[in-house]
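Asker: Model the following, please.
(one chain, ligands or ions: 1)
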Amino acid sequence: MSRAARLLSTLTALLLAAVPAAAQGGRALRGHVVTADGASAGGMRVYVQWRAVGDSLPSVDSADVDSAGEFRVPLPARLPDSLTVIVDAADRARRTHHPSLARIARAEAAWEHGFVLAPREWLIPRGFFAGQRVAVSPLRARRPSCPGCTNGFWIRMAGTRNPTGFQGWPLSRFPLRVAFERGGSVPVGAVPDSAAFWRAASGVESALGMDVFRPVPFGQTLPRGLEEDPDDIVLVRVDRALSTPGLTTMVGSRGNVEYAGVALQRAGAVLAMGGMELVQHEMMHALGLGHTCAWPSVLADTHRCPDLRAPTLTPEDVAYTQLLYRVRDLQRDGSLRWGLDAAVEGERWITREPAGVVAGPGWTTAGDTTADADTTVRADTTWARRPRAMPPPGS
Ligand SMILES: [Zn+2]
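Answerer: Below you'll find the model as predicted:
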């Protein structure tokens with residue numbers, strides 16, 4: 001490059017840097033959209049709604065998502081306290097994905113906002129049900145299985161206010177190390193039959209089409225030397241004091257499960273009738289999933305919806321688990337803040353389902369229950385999220 005060309009190039013760079021924001025089109029909400037099923041985000045539109053002080057009606061502006069998934073919606077010069085952002089099909093009659101609804105505080109308006117959209121139908125890509133199409137409803141996946149429960153199939157860990165929304169293991173931890181507890185105090189014969197246990201656990205893997213568990217000796221689950229506590233352990237033990245046939249405890253932080261403990265009331269339960277079902281039920285809990293009464297499921301609550309209880313994973317169990325893990329994986333770098341939580345809010349918005357009564361008459365989802373039946377969820381802090389009322393569709 002000649003000296004003159006270099007000078008010109010430097011001047012151009014300086015000039016570009018000197019262009020004030022206003023000349024570039026003013027304040028705008030920017031971000032990008034991807035879909036969990038890999039479909040193009042072109043054809044989507046982003047709506048930003050706000051209500052200025054003194055306005056009786058909300059104002060709305062919108063812009064199309066371009067073929068690269070980027071969007072830029074103009075914002076008012078004086079920002080309100082919060083903005084409601086909805087990503088939806090430009091042609092609502094041809095909606096292929098659930099709308100995503102996010103509430104963004106004024107201080108966050110300048111950030112890049114990333115959205116992962118959930119399809120309305122999940123084409124199971126792998127595993128025992130590969131090729132099957134399953135209608136997907138994020139709201140159903142969050143519908144509590146009991147009065148007073150706040151979690152459904154997808155669980156929000158208490159104390160979590162993180163980008164991934166609903167809990168699971170980071171995919172990089174798979175396959176998880178699974179061991180039977182054989183500490184010095186465990187009597188001989190007090191561990192489940194390992195061959196039967198592994199037949200059941202591998203049934204979960206082949207249904208999901210994912211390599212999620214690997215057996216290791218108990219000694220490999222213990223912290224060694226200066227190594228921190230391992231964060232990929234599922235420990236199976238027998239606890240005769242249990243009041244249920246099984247109990248799974250998940251521990252973690254920021255929506256990531258770091259440890260799961262599966263307790264069985266009887267060592268012989270694995271070989272007894274229903275043993276395969278019990279192990280698959282508990283191992284699905286160990287993957288971070290909760291009870292549901294929203295579809296036929298190996299995680300159906302036997303007390304509340306026994307008719308829906310399935311002996312093994314169903315296509316719905318597989319679809320909702322694969323979708324959860326797919327969205328979490330897309331969100332893992334933190335640049336895609338809005339995922340299944342926003343899809344739940346989006347579906348609530350279009351179905352006009354009022355917040356707080358998703359479970360049925362007289363039930364509420366307020367507060368944060370951390371234990372229901374045979375699952376307990378713990379995190380290192382506590383935090384309760386209370387659903388808020390949505391604007392009516394189209395407003
Ligand atoms: Zn359970």
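
Asker: In what element of secondary structure is A342 found?
Answerer: Here A342 sits within helix 340-351, counting by DSSP states H and E.

Asker: so how far is that helix off the chain centroid?
Answerer: Mean-position distance between helix 340-351 and its chain equals 13 Å (Cα atoms, centre = their mean, to the nearest Å).

Asker: for stretch 268-276, same thing?
Answerer: Relative to where its chain is centred, stretch 268-276 has its mean C-alpha point 31 Å off (Cα atoms, centre = their mean).

Asker: Please identify the buried residues of that stretch?
Answerer: Neighbour-count burial for stretch 268-276 flags A269, V270, G275, M276 (criterion: 16 or more other Cβ atoms under 10 Å). Glycine gets a C-beta too; all of them are placed from N, C-alpha and C.

Asker: Quick check: closest non-adjacent residue to the spatially most central residue of the chain.
Answerer: For the chain, F166 is the residue whose C-alpha lies nearest the centre (Cα atoms, centre = their mean; 3.3 Å). Leaving aside its sequence neighbours, F166 sits nearest to W154 (Cβ to Cβ, 6 or more residues apart in numbering; 4.1 Å).

Asker: T292 is in contact with the one you found, correct?
Answerer: No: contact criterion Cβ atoms under 8 Å: W154 and T292 do not qualify, at 9.1 Å.

Asker: For the two, list the residues in contact with both.
Answerer: A141 (Cβ atoms under 8 Å, 6 or more residues apart in numbering).

Asker: And the residue lying closest to G131 once chain neighbours are set aside, how far from V236?
Answerer: Spatially, and ignoring its direct neighbours in sequence, G131 is nearest to I124 (6.6 Å; Cβ to Cβ, 6+ apart). As for I124, its distance to V236 is 28 Å (criterion: Cβ to Cβ, to the nearest Å).

Asker: higher neighbour count, those two?
Answerer: V236 (26 against 20; other Cβ atoms under 10 Å).

Asker: Tell me the strands beside the strand or helix carrying that one, with direction?
Answerer: Using DSSP H and E, the element containing V236 is strand 233-238. Taking DSSP bridges as the criterion, strand 233-238 forms sheet pairs with strand 176-180 (parallel), strand 256-264 (parallel).

Asker: how about the helices in the stretch 101-250 of the chain?
Answerer: 138-142, 194-208 (DSSP state H, counting those that start in this stretch).

Asker: Single out the most deeply packed of these.
Answerer: Highest mean neighbour count of the helices of the stretch 101-250 of the chain: helix 138-142, a mean of 25 (counted as mean count of other Cβ atoms under 10 Å).

Asker: Can I get it as CSV, trimmed to CA atoms?
Answerer: Listed next in CSV are the C-alpha coordinates belonging to helix 138-142 (Å, rounded to 0.1, in the frame of the first residue of the first chain):
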residue,chain,number,x,y,z
PRO,A,138,-42.9,-25.4,26.4
LEU,A,139,-45.8,-24.4,28.6
ARG,A,140,-46.7,-28.1,29.1
ALA,A,141,-43.1,-29.0,29.9
ARG,A,142,-43.3,-26.4,32.7
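
Asker: list the helices and strands that helix packs on?
Answerer: Helix 138-142 sits against helix 340-351, with contacts defined as 3 or more Cβ pairs under 8 Å, 6 or more residues apart in numbering; DSSP states H and E.

Asker: In the helix it packs on, which residues are buried?
Answerer: Quick answer for helix 340-351 (16+ other Cβ under 10 Å): L340, D341, A342, A343, V344, E345, G346, E347, R348, W349, I350.

Asker: one step back: how about the buried residues of stretch 268-276 in CSV, adding secondary structure?
Answerer: Formatted as CSV, those follow (DSSP: H, G, I helix; E, B strand; the rest coil):
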residue, secondary structure
A269, helix
V270, helix
G275, helix
M276, helix
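
Asker: Tell me the one among those nearest to L176.
Answerer: Ranked by distance to L176 (Cβ to Cβ), those are led by V270 at 18.5 Å.

Asker: Quick check, that closest one in contact with E277.
Answerer: No: taking Cβ under 8 Å as the definition, V270 is not a contact partner of E277, at 10.6 Å.

Asker: where are the low-confidence patches of the stretch 101-250 of the chain?
Answerer: 158-164, 183-190, 225-228 (pLDDT under 70).

Asker: show me what contacts the residue nearest to the centre of the chain?
Answerer: W154, I155, R156, G255, L324, R328, L340, D341.

Asker: out of those residues, which one sits closest to L171?
Answerer: Nearest member of those to L171, counting by Cβ to Cβ, is R328, at 7.4 Å.

Asker: how close does the closest one get to G127?
Answerer: R328 is 17 Å from G127, by Cβ to Cβ.
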